[in-house]
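>>> Got a predicted structure plus its sequence, pasted below:
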Amino acid sequence: MSSINLQEIDSLEATIIIDNELDPMSPAAPDTVQVSGLMGTLALGSPHKLDDRGDATQELRMEDICCSAHGLSILVTATKGDIKHSILFDAGPEEDIWERNAKRLRPDLASVEVIQLSHWHRDHSGGLLKAIHMINSDKQTKGLPQDLTVDVHPARPDYRGIAVGEKIISLQADPTFEEIESAGAAVGKHDETHTILDDLFLISGEIPRQTPYETGLKGAMRFDRDEGDWFSDERIADERFLMCNIKGKGIVVFTGCSHAGVVNAAQHAVDLLRGSVPLHAVVGGFHLATSERDQVESTVKDLKRLDPAVLLPGHCSGWRAKFEIERRMPGTLVPCTVGIKITF
């Protein structure tokens with residue numbers, strides 16, 4: 001394994017722009033992460049001023065609360081000294097929800113330099129073109145160069161789908177390389193592990209399969225236009241995670257769906273740094289919502305062995321996995337819900 005030049009960072013923030021779950025009320029477990037964006041923060045930060053209701057000075061409006069959707073999109077900002085970089089990890093399932101939530105959250109979109117697509121699935125790529133447009137628009141407004149790059153795996157399928165019994169159900173196509181470029185971003189094609197943005201972020205290559213129970217996405221199919229036919233695609237080999245290394249804490253892994261297995265992803269992240277840095281957190285989709293009980297239990301058992309300080313399962317993780325994490329690793333679970341900002 002070649003040497004990985006991933007720099008230690010001083011701090012890390014993650015704003016959840018899209019996730020399957022909305023919960024602006026539940027607090028984080030003590031001594032895990034700092035969470036803002038809950039109902040109290042929304043109320044005190046409301047821009048709607050009042051002068052006609054006695055002592056009330058602001059109004060909390062329901063339309064200021066984000067909406068959940070089946071997908072994932074996280075704005076991640078890493079800081080090292082006076083250097084700060086931001087990356088958008090995935091862009092959710094469709095344009096309207098990305099635009100709606102981004103406008104409600106009002107993040108610094110102009111700071112985004114790279115968008116990483118974790119893998120080619122529409123619930124992660126559907127909002128991509130709108131995100132490019134809004135990020136570049138914010139850059140233009142602030143007089144910044146529009147030098148946005150979308151980091152993708154080169155093996156884009158013509159279509160993906162799922163076999164349901166004897167039927168194949170096709171998903172919508174992901175944006176093409178040409179559509180991404182026309183929207184205003186450069187396309188960076190990578191199937192190997194690499195670091196970006198002053199080496200504050202690492203994007204993995206293909207994730208090695210080590211556990212016997214994390215076998216991919218059952219029934220997954222890929223359509224080849226040249227062949228005019230569908231083929232089995234259960235490995236989803238193009239999925240890649242994002243990771244950072246926080247000084248004094250350890251590795252934080254952002255995973256889109258964990259089709260390769262969340263344990264495989266977390267173990268590979270540790271292995272990339274030759275086991276010299278502990279696993280601190282895993283954030284994103286664990287893809288256990290439809291898994292059998294044995295797989296959920298095996299996954300949580302092996303995650304516990306890796307000894308992370310905090311787990312933030314979202315998107316496709318499912319309530320059974322969250323319950324099992326809380327049961328076996330009490331004090332480790334933090335809700336990964338739309339609209340919150342997490343500070344590690």
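Cool, the structure landed. Numbering: from 1, shown residues only.

>>> For stretch 287-302, buried residues please.
287-289, 291, 295-300, 302 (16 or more other Cβ atoms under 10 Å). Every C-beta, even on glycine, is put in place using the N, C-alpha and C of the backbone.

>>> Please enumerate the helices of the protein.
Applying DSSP state H to the chain gives helices spanning 39-44, 95-105, 122-125, 128-141, 177-183, 262-272, 293-306, 319-328.

>>> hmm, back to that, and which of the buried residues of stretch 287-302 is nearest to M39?
A289 (25.9 Å; Cβ to Cβ).

>>> And that closest one, how far from K322?
Separation of A289 from K322 (Cβ to Cβ, to the nearest Å): 10 Å.

>>> Give me the neighbour count for S232.
11 (other Cβ atoms under 10 Å).

>>> quick one, what contacts it?
Applying Cβ atoms under 8 Å, 6 or more residues apart in numbering to S232 gives the contacts 220-222.

>>> now do A321
Neighbours of A321 in contact, by Cβ under 8 Å, 6+ apart: 286, 288-289, 291, 296, 299-300, 313.

>>> and which of those residues is nearest to M25?
The closest of the contacts of A321, once distances to M25 are taken by Cβ to Cβ, is P313, at 18.1 Å.

>>> Need the per-residue pLDDT for that closest one.
Looking at P313, its pLDDT stands at 98.

>>> what's the burial count for it?
So P313, with other Cβ under 10 Å, has 28 neighbours.

>>> Give me the neighbour count for the residue lying closest to it once chain neighbours are set aside.
For P313, ignoring the flanking residues on the chain, the nearest one in space by Cβ to Cβ, 6 or more residues apart in numbering is F286 at 4.7 Å. Around F286 there are 32 other residues, counting by other Cβ under 10 Å.

>>> quick one: contacts for F286?
Applying Cβ under 8 Å, 6+ apart, the residues near F286 are 255, 258, 262, 299, 313, 316-318, 321.

>>> likewise R293?
Per Cβ under 8 Å, 6+ apart, neighbours of R293: R320.

>>> Just put the contacts of S232 in a markdown table and tack on distance to M39, pLDDT and neighbour count.
A markdown table is the format used below for the contacts of S232 (distance: Cβ to Cβ, whole Å; pLDDT from 0 to 100; neighbours: other Cβ atoms under 10 Å):
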| residue | distance to M39 | pLDDT | neighbour count |
| --- | --- | --- | --- |
| A220 | 38 | 98 | 18 |
| M221 | 42 | 98 | 21 |
| R222 | 42 | 98 | 18 |
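
>>> Which ones among those map onto strands?
220-222 (DSSP state E).

>>> Redo those residues as TSV? Include distance to S232.
Converted to TSV, these look like this (distance: Cβ to Cβ, whole Å):
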residue	distance to S232
A220	7
M221	6
R222	8
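
>>> mean confidence score for stretch 262-278?
So the average pLDDT for stretch 262-278 ends up being 98.

>>> before we move on, the earlier item: now for the contacts of A321, which pair is the farthest apart?
Farthest pair in the contacts of A321, by Cβ to Cβ: A289 and V300, 14.0 Å.

>>> what residue ranges in the stretch 51-200 of the chain score low on pLDDT?
For the stretch 51-200 of the chain, no stretch has pLDDT under 70.

>>> ok, the ones in strands among the contacts of S232 vs M329, which is closest?
A220 (29.2 Å).

>>> these two touch, right, the closest one and A237?
No. Applying Cβ atoms under 8 Å as the test, A220 and A237 come out as separate, 10.7 Å apart.

>>> which residues sit against stretch 196-204?
With Cβ under 8 Å, 6+ apart, stretch 196-204 has contacts from 4-7, 9, 76, 78, 80, 83, 85, 87, 113-114, 116, 151, 190, 193-195, 240-244, 265, 268-269, 272.

>>> one more time with 7 Å, if that's ok
4-7, 9, 78, 80, 83, 85, 87, 113-114, 116, 151, 190, 193-195, 240-244, 268 (Cβ atoms under 7 Å, 6 or more residues apart in numbering).

>>> start to end distance for that stretch?
Start-to-end span of stretch 196-204 (Cα to Cα, to the nearest Å) is 11 Å.

>>> Tell me the gap between it and the middle of its chain.
From the chain centre to the centre of stretch 196-204 is a distance of 15 Å (Cα atoms, centre = their mean, to the nearest Å).

>>> show me the contacts for S118.
89-90, 124, 239-241, 256.

>>> In space, what's closest to it - neighbours in sequence excluded?
G256 (2.8 Å).

>>> likewise G331?
Using Cβ to Cβ, 6+ apart, the closest residue to G331 is A29 (5.1 Å).

>>> What pLDDT is listed against the one you found?
84.
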